[in-house]
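Undergrad: what follows is a predicted protein model with its sequence.
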Amino acid sequence: MPIKIPDNLPARLELEREGMNVMSEANAIRQDIRPMKIGLLNLMPQKQKTETQLARLIGATPLQIELTLVTTGSYVPSNVSAHHLSTFYRAWEEVREEKFDGFIITGAPEETLPFDKVKYWSELEQILDWTQSNVQSCLDICWGAQAAMYHLHGIPKHELPSKMFGVFPHRVVNRTSSLLRGFSDELSIPVSRHTETRLEDIAKVPGLEVLIESDEAGLCVINDAAHRHIYMLNHLEYDAWTLRDEYQRDIDEGLKTEPPRYYFPQNDPGRDPANTWRSHAHLFIGNWINDMYQSTPFDLDLIGTV
């Protein structure tokens, strides 16, 4: 089944060029099924790239998905046009009375700030509380995962001596997890963080289960079944070029950033990197949506009550 996104969303054209089956809003209405409703709270600075990356993964599943793009109301981002926001996004206040099968909270360029110094922190706390009654399963990515763990469990983030940056080898910790169905025992995952979440802090909270970790990059995926949240600290959704673009941005800003590790062939930024994580990205999102499909009630109004 295809993904249903707004007809004029820029991501739509790119996905269609890639051969993805993207459904028009008119055709979706004619199908006599209930689509899976997934909300995307996009806190990333380059919103259109993030929309495309996540829509590509969500739309590859065999279910019809209705994707709702969500933004904060308490803070209006300056790095995206007002026209794009007003055309394709809804403020969280506009959707807070709705129920969602799934909800994604992305990373954000806020990780070196204390959580309570983030301009929209109060609203994000409300959103995280709202997911407990209005969302069947929530996937939190990078800083979004750190923010959720801090709010729900008081788990702190710790600043790293230098940026953890590259495509690091990871290993599956729990091979029986349905989220990791079909995963290889070892895999590569992009990492771009100035902070980390530590195992000793996770171990203090009953019920949190580490699913994927790395000797060099630390924790990656943590399941929180009691709160129906999945914390993904790294970036399976990234394109092949994302780390290259981040590296070039840092260089242009005069930062002394080392080239991302295990990424450029022979560590040469002049050579094109390969996407070695794409298949696991599709598996992970597909497994998440399948688990959600198996557990979510057909009547959306029952989410949060059963």
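TA: Looks like it arrived, so ask away. Numbers count the residues shown, from 1 in each chain.
Undergrad: which helix or strand lies directly C-terminal to the lowest-mean-pLDDT helix or strand in the chain?
TA: The helix or strand of the chain with the poorest confidence is helix 25-30; it has a mean of 50 (mean pLDDT, DSSP states H and E). Proceeding N to C from helix 25-30, the next assigned helix or strand is strand 36-41, under DSSP states H and E.
Undergrad: partner strands of that following strand, parallel or antiparallel?
TA: strand 65-71 (parallel), strand 100-105 (parallel) (DSSP bridges).
Undergrad: so what touches the helix or strand following that strand?
TA: Counting by DSSP H and E, the element after strand 36-41 in chain order, helix or strand, is helix 47-58. For helix 47-58, contacts defined as Cβ atoms under 8 Å, 6 or more residues apart in numbering pick out 3, 5, 9-11, 14-15, 18, 20, 38, 40, 42, 44, 65, 67, 69, 77, 79-80, 84, 88, 104, 106, 237-239, 242, 281-282, 285-286, 289. Every residue, glycine included, has its C-beta placed from N, CA and C.
Undergrad: any of those buried? List them.
TA: 3, 5, 9, 11, 14-15, 38, 40, 42, 44, 65, 67, 69, 77, 80, 88, 104, 106, 237-239, 242, 281-282, 285-286, 289 (16 or more other Cβ atoms under 10 Å).
Undergrad: helices and strands around the strand ranked longest in the chain, which ones?
TA: The longest strand of the chain (DSSP state E) is strand 158-172. The helices and strands touching strand 158-172, judged by 3 or more Cβ pairs under 8 Å, 6 or more residues apart in numbering; DSSP states H and E, are strand 186-196, strand 208-214, helix 242-252.
Undergrad: tilt between it and strand 186-196?
TA: 170 degrees (axes from the mean of the first three to the mean of the last three Cα atoms, to 10 degrees).
Undergrad: what average pLDDT does strand 158-172 get?
TA: For strand 158-172, the mean pLDDT works out to 96.
Undergrad: may I see the buried residues of that strand?
TA: Buried residues in strand 158-172, defined by neighbour count with 16+ other Cβ under 10 Å: 163-168, 170, 172.
Undergrad: and what of stretch 222-239?
TA: 222-224, 227-239.
Undergrad: in strands, which of the residues you listed fall?
TA: 222-224, 229-232.
Undergrad: determine which two of these are furthest apart.
TA: Distance extremes for these: the farthest pair is 224 and 232 at 11.6 Å, using Cβ to Cβ.
Undergrad: hey, which helix is longest across the chain?
TA: When the chain is parsed with DSSP state H, its longest helix is helix 278-295.
Undergrad: run the angle between that helix and strand 36-41 for me.
TA: Using the same axes, to 10 degrees: helix 278-295 against strand 36-41 is 120 degrees.
Undergrad: residues making contact with helix 278-295?
TA: Contacts of helix 278-295 (Cβ under 8 Å, 6+ apart): 36, 38, 57-58, 60-61, 63, 65, 101-102, 136-137, 139, 178-184, 187, 189, 230, 232, 236-237.
Undergrad: buried among those? Make that a ChimeraX selection.
TA: To isolate the buried ones among the contacts of helix 278-295 in ChimeraX, judged by 16+ other Cβ under 10 Å, type:
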select :36,38,57,58,60,61,63,65,101,102,136,137,139,179,180,183,187,189,230,232,236,237
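Undergrad: part of a helix, is residue 151?
TA: Yes. Per DSSP: H, G, I helix; E, B strand; the rest coil, residue 151 lies within a helix segment.
Undergrad: need the contact list for it.
TA: Taking Cβ under 8 Å, 6+ apart as the test, what residue 151 contacts is 115, 124-125, 128.
Undergrad: compare the residues you listed and tell me which is most surrounded.
TA: Using other Cβ atoms under 10 Å as the neighbour test, the contacts of residue 151 are led by residue 124, with 25 neighbours.
Undergrad: about what we covered before: and the longest strand of the chain, how far from the chain's centre?
TA: 17 Å (Cα atoms, centre = their mean, to the nearest Å).
Undergrad: where does the prediction get shaky in this structure?
TA: Counting by pLDDT under 70, the chain shows low-confidence ranges at 1-5, 7, 15, 18-33, 306.
Undergrad: count of neighbours near residue 299?
TA: Other residues close to residue 299 by other Cβ under 10 Å number 11.
Undergrad: could you measure from it over to residue 136?
TA: 12 Å (Cβ to Cβ, to the nearest Å).
Undergrad: pretty sure residue 220 is touching residue 212, no?
TA: Yes. Using Cβ atoms under 8 Å, residue 220 is in contact with residue 212, at 4.1 Å.
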